[in-house]
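Novice: Provided below for reference: sequence and predicted model.
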Amino acid sequence: MNTRFIASQVIDQVTDGRSLSDILEVALLKVKDSRDRAFIQAICYGVCRFYSRLDVILSHLLKKPMLAKDSDVHALILVGLYQLTEMRVPEHAAVSETVNATEKLKKPWARGFVNAILREYLRRQEEIKGLIKDEMEAEYAHPAWWIKSAKAAWPAQWQSILEANNAHPPFAIRVNHQHLSREDYLNRLNADAVSAIVIPETKEGLILESAMPAMELPGFASGDVFVQDGAAQLAVDLLELRPELSVLDACAAPGGKLTHILEREPNLSVIAIEKDGTRLRSIKENLTRLQLKAECICHDVFDTDKWWDGKAFDRILLDAPCSASGVIRRHPDIKLLRQATDIKALAETQLEMLAALWPLLKPGGLLLYATCSFFPEENTQVIKRFFAAYTDAAEEKIQADWGLACEVGRQILPGMHHMDGFYYARIRKAISVQ
Ligand SMILES: C[S@@+](CC[C@H](N)C(=O)[O-])C[C@H]1O[C@@H](n2cnc3c(N)ncnc32)[C@H](O)[C@@H]1O
């Protein structure tokens, strides 16, 4: 078992466009020792988090760029550099174990090459720190287009956004108030010597001092808690729920907001749509664990003629597919997987989704638009374009003590209130069109 080799294979696949969490889940199946699993996970997340910086460092150590066909060797070198720059692994172990991992690559030249690069780094580390100081991609550990876009979108906050993206996320949970109060759960945690603090902007949120596997949370199996960031917990309060209302959750998996809605109002009639069958199963598992009920439909939300029975809804939650730029600290591979051109395409889909769902909302009904993005193109600009096309749609301002008021809607930037980056806008449908 060579943990560095496994980590490098995961990184290689991520740079080929695959999702880190998906690849890692499969890779860890063969790793029995829990410390090895934790080590591999820490390296994979860390390399993705600091990929741009590590790659700039490597460029100073190479005489000529590496070939695309040697992406496996490239990934292994980044695994080595990550240990040397960010981890407290002793230098000799980091170098020798990473060099040993080359045996698995079946490229005999790689052993000497990886060894030479890592030793050269150790020899020249002070000089290299100086060389990369003024290179933005290294300093902020983001690809250049992310830095440019964050700067353009949030001229006063871009640095804090990028820093928050590189931080470790807090472990936030939501207490199921159908089962017990937040205070009671906090007392239960304290009795188990687990420290936690209240998320004051939320009614049921807590942040634990350290992360733990969800299954080990007291009362997890019986549905006392749900792992969910504080920003995502704000949606439920914006929906103005009442027991007799009908609700559509248009993009529902894995059901974080759906289950929260039902915890607040268990007798609501809720339809949850999700186009991905595997992800739909995760909604059902969460509903079962939390002992809640909703009608779950596996369909593309655009195909309303296939799944909609023609009865309009009082409330629609559109938690739209987005760049996920607000949750980079949880999914650092997003920095590598997304391209600048994705943002425009996502904004078009978001606008089309709003247009497809609008006829399904009752006059007087409320649509809550949400994304976990900090790009105005996917947020304020989508809603403004929507308002320009629909005269029966009007903003209902969010009055809140969290986030920033935008021209339309409200934005939480990554790290603000310890939360993920999130955007919310509320759209009310006119009772009659003038
Ligand atoms: C941001 S996630 C939703 C998170 C969820 N609301 C929660 O709180 O747990 C967006 C979801 O929309 C789904 N989705 C994307 N496009 C869709 C479409 N056209 N129809 C239905 N679901 C879609 C994705 O598979 C994904 O599960």
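Specialist: All right, it came through fine. Numbering: from 1, shown residues only.
Novice: how near is the nearest residue to Q339 once chain neighbours are set aside to the ligand?
Specialist: In this structure, Q339 finds its nearest non-sequential neighbour in W145, 7.6 Å apart by C-beta to C-beta, 6 or more residues apart in numbering. C-beta here means a position set from N, CA and C on the backbone, and glycine is covered the same way. Between W145 and the ligand the computed distance is 22 Å (C-beta to the nearest ligand atom, to the nearest Å).
Novice: and if you look at K275?
Specialist: Distance of K275 to the ligand, given as C-beta to the nearest ligand atom: 4 Å.
Novice: in its sheet, what does the longest strand that the chain contains sit against?
Specialist: When the chain is parsed with DSSP state E, its longest strand is strand 361-371. Using DSSP bridges, strand 361-371 pairs in its sheet with strand 313-319 (parallel), strand 422-429 (antiparallel).
Novice: Could you dump the ones you listed into CSV with mean neighbour count and mean pLDDT added?
Specialist: Converted to CSV, those look like this (neighbours: other C-beta atoms under 10 Å; pLDDT from 0 to 100):
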stretch, mean neighbour count, mean pLDDT
strand 313-319, 23, 98
strand 422-429, 24, 98
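Novice: and stretch 364-376, what's its mean pLDDT?
Specialist: Averaged across stretch 364-376, the pLDDT comes to 98.
Novice: Kindly report the same for stretch 52-66.
Specialist: On average, stretch 52-66 scores 97.
Novice: Would you mark the buried spots in it?
Specialist: Neighbour-count burial for stretch 52-66, counted by 16 or more other C-beta atoms under 10 Å, picks out 52-58, 61.
Novice: And for stretch 404-420?
Specialist: In stretch 404-420, counting by 16+ other C-beta under 10 Å, buried: 406, 408-420.
Novice: Considering those residues, which is situated nearest to the ligand?
Specialist: D420 (11.3 Å; C-beta to the nearest ligand atom).
Novice: contacting residues for the closest one?
Specialist: Counting by C-beta atoms under 8 Å, 6 or more residues apart in numbering, D420 makes contact with 169, 229-232, 326-327, 329-330, 372, 412, 414.
Novice: The chain - how does it break down into domains?
Specialist: Residue ranges of the domains in the chain are recorded as 3-135, 171-227, 231-429, according to automatic domain parsing.
Novice: Of the ones you listed, give the one that comes closest to K151.
Specialist: Among the domains of the chain, domain 231-429 comes nearest to K151, with 11.9 Å by C-beta to C-beta.
Novice: which residue packs closest to S160, ignoring adjacent ones?
Specialist: G415 is the one closest to S160 (C-beta to C-beta, 6+ apart), at 6.4 Å.
Novice: so the one you found makes contact with Q157?
Specialist: No: judged on C-beta atoms under 8 Å, G415 makes no contact with Q157 at a distance of 9.5 Å.
Novice: So which bits of the stretch 201-350 of the chain are right by the ligand?
Specialist: By C-beta under 6 Å from any ligand atom, the residues of the stretch 201-350 of the chain that approach the ligand are 232, 251-257, 273-276, 279, 300-302, 319, 321.
Novice: Mind checking which of these are in helices?
Specialist: Using DSSP state H, the members of those that fall within helices are 256-257, 279.
Novice: is it possible to export these to TSV including neighbour count and pLDDT?
Specialist: Formatted as TSV, these follow (neighbours: other C-beta under 10 Å; pLDDT from 0 to 100):
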residue	neighbour count	pLDDT
G256	21	98
K257	23	98
R279	15	96
